[in-house]
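Participant: Coordinates only, no sequence provided:
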C-alpha cells in the first residue's frame with residue numbers, strides 16, 4: 001500500500017502515503033481569501049498565469065517547518081485516520097476508490113504500533129525497539145524480523161528490505177528532521193475547517209507529487225488532512241486522509257508487544273532481494 005512517502009525531500013517525491021494533493025496556482029488563486037485586483041488581472045492577461053515553479057511562498061514553507069518542529073516535541077502520540085486511495089484495477093485503466101482506516105500509536109524514538117484496516121484486509125505492525133512483527137490476523141499468520149534501534153531507521157529498513165511502505169510514515173521524518181528540500185512550489189490556499197477545527201490549507205509541489213496539507217491553527221499545528229496526487233502516473237492516482245490526533249496518550253510497552261494468538265502460524269517475511277533473484 002504505497003501511499004505515503006511525501007516527506008519533503010527530493011528523494012521522497014519519487015514514491016507515493018501516504019501521497020499529499022496539490023493545488024495548482026490556478027486552484028490556489030480560486031480559493032484565495034481575496035479577489036484579484038484589476039491590476040493583477042491585467043498582468044495575468046498579459047503574461048499568462050504563473051507556473052508552479054515560480055511560486056514559493058515563505059509562509060507556506062514556514063508552516064511546514066513549524067508543523068515539523070511541533071511534531072518533534074511529541075514524545076508519544078496516537079492518530080486515527082480515514083483515508084481514500086484512488087488507483088486502477090490490476091491490468092486495467094479503470095479508476096477505483098479504495099477506503100481504509102489506520103491507527104497509529106507511537107512512542108518516540110523506539111516503538112510504534114500501526115493497524116491498517118479495510119474491507120479486504122487487516123495488517124498490523126508492531127515495533128518494540130528490537131524487532132518488527134507483521135501480523136495478518138484474519139489469516140492467522142505473522143512474521144518477525146530484527147529491527148534497528150529507532151523508528152526512523154526501522155521505517156527505512158522495512159521499505160528498502162521488504163517493500164513495506166507505511167501510510168503517513170512521513171510524520172516520522174517530519175518530526176525528526178523537518179526539511180523542505182525538493183519542494184519546487186509552495187502556496188497558501190487559505191482558511192478551512194476540518195471537522196470543526198480551524199486550519200490553514202497549503203499546497204506544495206515536488207518532482208513527481210502534488211500535495212496539500214490542512215494544518216491546525218493554534219498551539220498544536222498538527223496536520224488534520226492530507227491529499228496527494230502522483231503526477232508521474234498518467235492515471236494521476238490520489239490519496240486523501242483525515243487525521244484525528246491524541247497528543248498525550250497513555251501508552252505503555254504492552255501497546256507495542258506482539259503476542260501471537262493460539263492458532264497463529266509464524267512465516268518468513270520475503271525480502272525484496274530474494275524476490276528479485278527469482
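Facilitator: Now that the structure is in, tell me what you want to look at. Remember, it's a predicted structure, so these values are computed and weren't measured experimentally.
Participant: where along this protein do the helices fall?
Facilitator: 25-30, 38-47, 58-73, 151-162, 170-176, 272-276 (DSSP state H).
Participant: pLDDT on the shortest one, on average?
Facilitator: Averaged over helix 272-276, pLDDT sits at 70.
Participant: again with the second one
Facilitator: For helix 38-47, mean pLDDT is 43.
Participant: same deal with the third one?
Facilitator: Averaged across helix 58-73, pLDDT comes to 93.
Participant: just how off-centre is it within its chain?
Facilitator: When distances are taken as C-alpha atoms, centre = their mean, to the nearest Å, helix 58-73 is centred 15 Å away from the chain's centroid.
Participant: mind checking how far residue 70 is from residue 267?
Facilitator: In this view, residue 70 and residue 267 are 40 Å apart by C-beta to C-beta, to the nearest Å. Every C-beta, even on glycine, is put in place using the N, C-alpha and C of the backbone.
Participant: These two: which has the busier surroundings?
Facilitator: Taking neighbours as other C-beta atoms under 10 Å, residue 70 and residue 267 compare with residue 70 leading, 19 against 13.
Participant: how about the strands of this protein, start to end?
Facilitator: 76-88, 95-107, 111-117, 122-127, 131-136, 141-146, 185-194, 197-205, 209-216, 223-230, 238-246, 265-266 (DSSP state E).
Participant: now those strands as JSON lines including mean pLDDT, distance to residue 253 and mean neighbour count?
Facilitator: What follows is these, written out as JSON lines (pLDDT from 0 to 100; distance: least, C-beta to C-beta, whole Å; neighbours: other C-beta atoms under 10 Å):
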{"stretch": "strand 76-88", "mean pLDDT": "91", "distance to residue 253": "12", "mean neighbour count": "18"}
{"stretch": "strand 95-107", "mean pLDDT": "91", "distance to residue 253": "8", "mean neighbour count": "17"}
{"stretch": "strand 111-117", "mean pLDDT": "96", "distance to residue 253": "7", "mean neighbour count": "20"}
{"stretch": "strand 122-127", "mean pLDDT": "96", "distance to residue 253": "11", "mean neighbour count": "20"}
{"stretch": "strand 131-136", "mean pLDDT": "97", "distance to residue 253": "13", "mean neighbour count": "19"}
{"stretch": "strand 141-146", "mean pLDDT": "97", "distance to residue 253": "17", "mean neighbour count": "15"}
{"stretch": "strand 185-194", "mean pLDDT": "97", "distance to residue 253": "33", "mean neighbour count": "19"}
{"stretch": "strand 197-205", "mean pLDDT": "97", "distance to residue 253": "32", "mean neighbour count": "23"}
{"stretch": "strand 209-216", "mean pLDDT": "95", "distance to residue 253": "30", "mean neighbour count": "24"}
{"stretch": "strand 223-230", "mean pLDDT": "94", "distance to residue 253": "27", "mean neighbour count": "25"}
{"stretch": "strand 238-246", "mean pLDDT": "95", "distance to residue 253": "18", "mean neighbour count": "21"}
{"stretch": "strand 265-266", "mean pLDDT": "97", "distance to residue 253": "22", "mean neighbour count": "11"}
